[in-house]
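**Q** 3D, please:
(one chain, ligands or ions: 1)
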Amino acid sequence: MAFLLFLLCLILVIFTVTTMGVPNIPSLDPVNRFLKGQTDVSKIVSSDFQEFFYDQTLDHFNYRPESYTTFQQRYYINYKWWGGASNNAPIFAYLGAESPIDDALWSIGFLPENAPRFNALLVYMEHRFYGQSNPVGSMEAPNMVDAMEKSLENPDTRGYFNSAQALADYAELLLYLKNQLQAHNSPIIVIGGSYGGMLASWFRLKYPHIALGALASSAPILYFENLTPPDGYYSVVTQDFKEASQNCYTTIKQSWDVIDQLATTPSGLAYLSQKFQTCSPLSNADELKNYLKSVYSNAAQYDAPPNYPTARICQGIDGASDATDILDRIFAGVVAYMPGMSCYVTSPEVVSPSESVSQTSIGWEWQTCSELLIPLGITSEDSMFQSLPYDANVFIDNCVRSFGVGPRPHWVTTYYGGQDIKLILSKFGSNIIFSNGLRDPYSIGGVLENISENIVAIKTTEGSHCLDILSSGEADPEWLVKQRKDEANIIDRWFAEYYRNFRLL
Ligand SMILES: *[C@@H]1O[C@H](CO)[C@@H](O)[C@H](O)[C@H]1NC(C)=O
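**A** Numbering: from 1, shown residues only. You can find the predicted model right below:
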């Protein structure tokens, strides 16, 4: 089962590494099976979540004729624990990110697990263009992957595919729901992970009259422009492996040149293909090296208990250290992480041709090539990876090749800020929790220090990507249980203050 979880994560990381994007939270079928033994969340999904569609405004910021057309935005509501409008009982709103919303219903346990304590209504909203919320729609395309492709081919349609429009969707939909429910004084907490975590924190800053607070899990809002060194991500991966084992780190660091050397000749490539049991013959060194890089990055990003993939890889590598060949040791690490595969070194589409995976990879490429440009590179001497400095021009050229148009690298910091965040937000903002696990390489672009009494960083040294908002399990370590509890207690204090103010007015 852990292997299935790994597969899922690998897929997502391959995308993120190749597109230089932000990683997703685990959210595909394999995790479903993985979690089934641990939680009852899957049962909750089937019985208590109701599906709805909202006639969403295509363009919130223009009044040209095509702007006021609408599309169907999908969302789910769970009334099971709600204390009702007459009690001004709160609303937890999960902000969908770069995938269909379906998997969040069972994988994001923070909402249903805390709903009974707060008598909260749960709302899960799908991000525009993903899942069934694509303006091109299923009427015009045979399936949602085709819809995603179609909507990106068309410059008119894809122009509406950005974070500001998505936030405005959530604002409009939440106000509509409050109105429908007559729940005008029910406070809303927005919750999201990774890119969705960025959206949650930005939503609180842009729409404070709609959201009382935000839980932004593993949100690298500072990984834009020059706010975080491009080397940050891979320096954390390196650190994670060093902590697992110094010998493992050294072995990986030395392996790249060996691969390069062998790959210079056809017989060397054939040897590498055989050594790594590749699914198809390697045609160059990069195929293998990019694969290994994504395996290591994935392990670090999702370095979660109880299996701790970095430790597993290193046990494989160190355990084989009597072998004379360094490549045998590297391969032993890969196999220790995902044993029993029929072949290795394969593309994510082959590993999982699922609709959800494809939509994420296609849609996310557009998002990172238009506004969410995250500079990633490798420069540190100490890195266990080969040097590969971030080159903005190369990145931009790739985007132009894919879409015929380049990104706006300054827009995120122009529109949402990020510069001098402590100075700016300490007096301006409030009620945001930035949660991170420091083994997650993206945590280096997150908010890791308390900004004020009400904009707080809740971090764990042993945690990884989005762990705190995922469904809890029996085997969860004490520090993770505590992190989740701390977050719920902070939200409790926000509510207490809100209801106090409400009574006074
Ligand atoms: C921020 O403040 C909270 C208390 O509100 C505390 O639990 C947390 O550890 C602090 N975070 C950091 C990074 O100091």
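**Q** Phi first, then psi, for the residue lying closest to Pro306 once chain neighbours are set aside.
**A** In this structure, Pro306 finds its nearest non-sequential neighbour in Ala475, 4.8 Å apart by CB to CB, 6 or more residues apart in numbering. The way it works is simple: take the backbone N, C-alpha and C, and place the C-beta from them, glycine included. Per-residue torsions, Ala475: phi -90, psi 10 (degrees, to the nearest 10).
**Q** Ala475 and the ligand, how far apart?
**A** 24 Å (CB to the nearest ligand atom, to the nearest Å).
**Q** Just to check, that residue is in contact with Tyr308?
**A** No. With contact defined as CB atoms under 8 Å, Ala475 does not reach Tyr308; the gap is 11.8 Å.
**Q** Neighbour count: those two, which is higher?
**A** Tyr308 (19 against 10; other CB atoms under 10 Å).
**Q** Look up the pLDDT of the more buried one for me, please.
**A** Note for Tyr308: predicted pLDDT of 93.
**Q** just Tyr170 next, same as before
**A** 99.
**Q** cool, Ser352 as well?
**A** With respect to pLDDT, Ser352 scores 58.
**Q** do the same with Met139
**A** pLDDT at Met139 comes out at 69.
**Q** Also Val41?
**A** At Val41, pLDDT is 46.
**Q** now do Thr368
**A** 96.
**Q** I figured it hits Ile362, correct?
**A** No. In this structure, Thr368 is not within contact of Ile362 by CB under 8 Å, at 11.5 Å.
**Q** the more surrounded of those two?
**A** Neighbours per residue (other CB under 10 Å) separate Thr368 from Ile362, with Thr368 holding more: 22 against 18.
**Q** what about the more buried one, distance to Tyr442?
**A** According to CB to CB, to the nearest Å, Thr368 and Tyr442 sit 13 Å apart.
**Q** again with Asp322
**A** Asp322 sits 36 Å away from Tyr442 when distances are taken as CB to CB.
**Q** Comparing these two, which residue is more hemmed in?
**A** The neighbour count for Asp322 versus Tyr442, taken as other CB under 10 Å, is higher for Tyr442 (28 against 7).
**Q** give the contact list for the residue lying closest to Trp366 once chain neighbours are set aside.
**A** Nearest residue to Trp366 in three dimensions, chain neighbours excluded: Leu152, at 5.3 Å (CB to CB, 6+ apart). By CB atoms under 8 Å, 6 or more residues apart in numbering, the contact list for Leu152 reads 158, 161, 362-363, 366, 403.
**Q** And Leu152, how far from Trp364?
**A** Counting by CB to CB, the gap from Leu152 to Trp364 is 11 Å.
**Q** Over to Ser218?
**A** Taken as CB to CB, the span from Ser218 to Trp364 is 16 Å.
**Q** likewise Asp468?
**A** 23 Å.
**Q** Ala263 too?
**A** Ala263 is 29 Å from Trp364, by CB to CB.
**Q** Compare those two and say which is more crowded by neighbours.
**A** Trp364 (24 against 20).
**Q** For the stretch 401-505 of the chain, which residues score under the pLDDT cut-off?
**A** Applying pLDDT under 70 to the stretch 401-505 of the chain flags no residue at all.
**Q** contacting residues for the closest residue to Thr157 other than its chain neighbours?
**A** Among residues not flanking Thr157 along the chain, Ser151 sits closest, at 4.5 Å (CB to CB, 6+ apart). Contacts for Ser151 were tallied using CB under 8 Å, 6+ apart; they are 129, 134-136, 157-158, 161.
**Q** what helix or strand is Ser151 on?
**A** Element membership for Ser151 (DSSP states H and E) is helix 144-153.
**Q** Pull out the buried residues from the following helix or strand past that helix.
**A** Next helix or strand after helix 144-153 toward the C-terminus (DSSP H and E): helix 155-158. Neighbour-count burial for helix 155-158, counted by 16 or more other CB atoms under 10 Å, picks out 157-158.
**Q** try stretch 103-120
**A** For stretch 103-120, a neighbour-count test (16+ other CB under 10 Å) marks 103-115, 118, 120 as buried.
**Q** Farthest-apart pair in those residues, please.
**A** Distances among the buried residues of stretch 103-120 were taken as CB to CB; the most separated pair is Asp103 and Phe118, at 23.6 Å.
**Q** At the contact with the ligand, which residues of the chain appear?
**A** 449-450, 456-459, 486 (CB under 6 Å from any ligand atom).
**Q** Narrow these to those in helices?
**A** Asp486 (DSSP state H).
**Q** Which ChimeraX command selects the buried ones in the residues of the chain next to the ligand?
**A** Once 16+ other CB under 10 Å is used to decide burial, the buried members of those can be selected in ChimeraX as follows:
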select :456,458,459,486
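**Q** Looking at the residues of the chain next to the ligand, which one is closest to Lys289?
**A** After measuring the residues of the chain next to the ligand against Lys289 - CB to CB - the closest member comes out as Lys459, at 31.6 Å.
**Q** so which helix or strand takes in the nearest residue to that closest one once chain neighbours are set aside?
**A** Leaving aside its sequence neighbours, Lys459 sits nearest to Asn436 (CB to CB, 6+ apart; 4.6 Å). Using DSSP H and E, Asn436 sits in strand 432-437.
**Q** in its sheet, what does that strand sit against?
**A** With DSSP bridges as the test, strand 432-437 is paired with strand 213-217 (parallel), strand 455-460 (parallel).
**Q** how about that strand as CSV, C-alpha atoms only?
**A** The C-alpha trace of strand 432-437 is given here as CSV (Å, rounded to 0.1, in the frame of the first residue of the first chain):
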residue,chain,number,x,y,z
ILE,A,432,-3.7,33.3,9.1
ILE,A,433,-2.0,30.1,10.1
PHE,A,434,1.0,29.1,7.9
SER,A,435,1.7,25.5,8.6
ASN,A,436,4.8,23.7,7.3
GLY,A,437,6.8,20.5,7.8
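**Q** Can you tell me what sits against that strand?
**A** 197, 201, 204-205, 213-219, 221, 303, 443, 446-448, 454-460, 462-465, 467-469, 483, 487, 490-491.
**Q** Using neighbour counts, pick out the buried residues of the helix holding Ser151.
**A** For helix 144-153, by 16+ other CB under 10 Å, it's 144-152.
**Q** do stretch 176-186 as well
**A** 177-178, 181, 183, 186.
**Q** again with stretch 440-454
**A** 440-447, 451, 454.
**Q** And for stretch 230-248?
**A** 230-242, 244-245, 248.
**Q** Would you format the residues of the chain next to the ligand as a markdown table with distance to Gly83 included?
**A** Converted to a markdown table, the residues of the chain next to the ligand look like this (distance: CB to CB, whole Å):
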| residue | distance to Gly83 |
| --- | --- |
| Glu449 | 35 |
| Asn450 | 31 |
| Val456 | 26 |
| Ala457 | 30 |
| Ile458 | 26 |
| Lys459 | 31 |
| Asp486 | 23 |
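**Q** Smallest gap between the chain and the ligand, at which residue?
**A** Residue nearest to the ligand within the chain: Asn450 (3.7 Å; CB to the nearest ligand atom).
**Q** what sits against Gly445?
**A** Gly445 makes contact with 220-224, 227-228, 232-233, 374, according to CB under 8 Å, 6+ apart.
**Q** Recalculate using a threshold of 7 Å.
**A** Neighbour list for Gly445: 220, 222-223, 228, 232 [criterion: CB atoms under 7 Å, 6 or more residues apart in numbering].
**Q** Contact partners for Ser452?
**A** 426, 430.
**Q** Provide the secondary structure category for it.
**A** Three-state call for Ser452 (DSSP: H, G, I helix; E, B strand; the rest coil): coil.
**Q** Val190 now?
**A** strand.
**Q** returning to what we had before: from what I can see the residue nearest to Pro306 touches Asn307, true?
**A** No. Assessed by CB atoms under 7 Å, Ala475 is found out of contact with Asn307, at 9.7 Å.
**Q** returning to what we had before: closest to Glu51 out of the buried residues of stretch 230-248?
**A** Closest to Glu51, out of all of the buried residues of stretch 230-248 and judged by CB to CB, is Tyr233, at 36.4 Å.
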